[in-house]
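Q: sharing a model prediction with you, sequence too.
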Amino acid sequence: MSITIKNSEQIEKMRKSGKILKQTLDLLEKSIYPGQTTQRLNDLAYDYIISQGATPSFLNYERFPYTICASLNAQVVHGFCSNVPLKEGDIISIDCGVIYEGYHSDAARTFPVGNISIKNSNLIEATKQSFFEGIKDIKAGSRLGHISHKIQVYLESRGYGVVRELCGHGVGTHLHEDPLVPNYGKYNSGIVLQEGMTLAIEPMATLGRRDVYLEDNDWTVTTQDGLPSAHYENTILITKDGVEILTL
Ligand code: MG
Ligand code: MG
């Protein structure tokens, strides 16, 4: 599918969608503690999204069975929810999407469960920071490769692995639209960004090697070396002068 440019009416719906998603993630953040289960977090997210007159993007998307992806420790993305209690020291990546009046938003955060190691804390912070590095100085007329390259350099220069099997993407009436937004690449490459494009930018970083495998459930992507991974994602709007973050 081709890249879509959103008009002001569509952007307003994307803003509302993003706001509901941000509020959902805020609610989940407050609900994460040792002993909590990801199934319970999933149910909280579902109920909140429905209460806002929206629907979850992920539930039943290509038969994905949950409202949230809950990826624990070495799991990078697309983790399944369960009734196994979270433990002190775990890190949990929550990815969620919302559809409001036909428009999707998509965002992810990695949260600590109780007290976590300095290494894991630094991994979470660097992954988040790489997103902000990626979008810094971006505006209509910039090239997509600027984002990819800056995310890669920020993470790799600090010794983290950058997962290459999954990418950011356009987002709008479909959860996944063109263009793909890799978290690695050449600075002066890729399409020229235009005002009204909406993109999900989502760095995924690992504490060890960047290699991943697909678990037996055919969804969950996990590091091969078993070391932790973090994820940070927002839906953004490209504007004339910069970027508006719709899920923050
Ligand atoms: Mg996502
Ligand atoms: Mg996404």
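A: Thanks, I have the structure now. Numbering: from 1, shown residues only. Ligands and ions are numbered 1, 2, ... in the order given.

Q: low-confidence ranges, the chain, go.
A: The chain contains residues with pLDDT under 70 at 1.

Q: enumerate the residues of it near ligand 1.
A: Residues of the chain found near ligand 1, taking C-beta under 5 Å from the ion as the criterion, are 95, 106, 108, 233. For the C-beta atoms, the positions are set from N, CA and C on the backbone; glycine is no exception.

Q: redo that, cut-off 6 Å
A: Neighbours of ligand 1 within the chain, by C-beta under 6 Å from the ion: 95, 106, 108, 202, 233.

Q: most surrounded residue in the residues you listed?
A: residue 106 (28 neighbours; other C-beta atoms under 10 Å).

Q: so what's it up against?
A: 21, 57, 95, 96, 97, 171, 175, 200, 202, 233, 235, 247 (C-beta atoms under 8 Å, 6 or more residues apart in numbering).

Q: what sits against the closest residue in space to residue 224 that isn't next to it in sequence?
A: In this structure, residue 224 finds its nearest non-sequential neighbour in residue 211, 4.3 Å apart by C-beta to C-beta, 6 or more residues apart in numbering. By C-beta under 8 Å, 6+ apart, residue 211 lies in contact with 161, 223, 224, 225.

Q: and for residue 4?
A: Contact analysis of residue 4 by C-beta under 8 Å, 6+ apart lists 170, 172, 173, 177, 197.

Q: just give the number of residues close to the first one.
A: By the measure other C-beta under 10 Å, the count of residues near residue 170 is 21.

Q: next, work out how far apart the closest residue in space to it that isn't next to it in sequence and residue 76 are.
A: Closest residue in space to residue 170, ignoring its immediate chain neighbours: residue 177 at 3.4 Å, by C-beta to C-beta, 6+ apart. Note on residue 177: its distance to residue 76, by C-beta to C-beta, to the nearest Å, is 22 Å.

Q: and the two? Which one has more around it.
A: residue 76 (26 against 20).

Q: so what's the more buried one up against?
A: Going by C-beta under 8 Å, 6+ apart, residue 76 touches 93, 163, 166, 204, 206, 212, 221, 222, 223, 229, 231.

Q: check which helix or strand covers it.
A: Taking DSSP states H and E as the definition, residue 76 sits inside strand 75-77.

Q: can you check residue 97 too?
A: Using DSSP H and E, residue 97 sits in strand 91-100.

Q: phi, psi of the residue nearest to residue 22 when sequence neighbours are not counted?
A: The shortest distance from residue 22 to any non-neighbouring residue, by C-beta to C-beta, 6+ apart, is to residue 247 (5.1 Å). Dihedral pair for residue 247: phi -120, psi 30, per degrees, to the nearest 10.

Q: is it true that residue 247 touches residue 232?
A: No - using C-beta atoms under 8 Å, residue 247 makes no contact with residue 232, being 10.8 Å away.

Q: how about the residues of the chain by ligand 2?
A: Going by C-beta under 6 Å from the ion, the residues of the chain near ligand 2 are 106, 169, 200, 202, 233.
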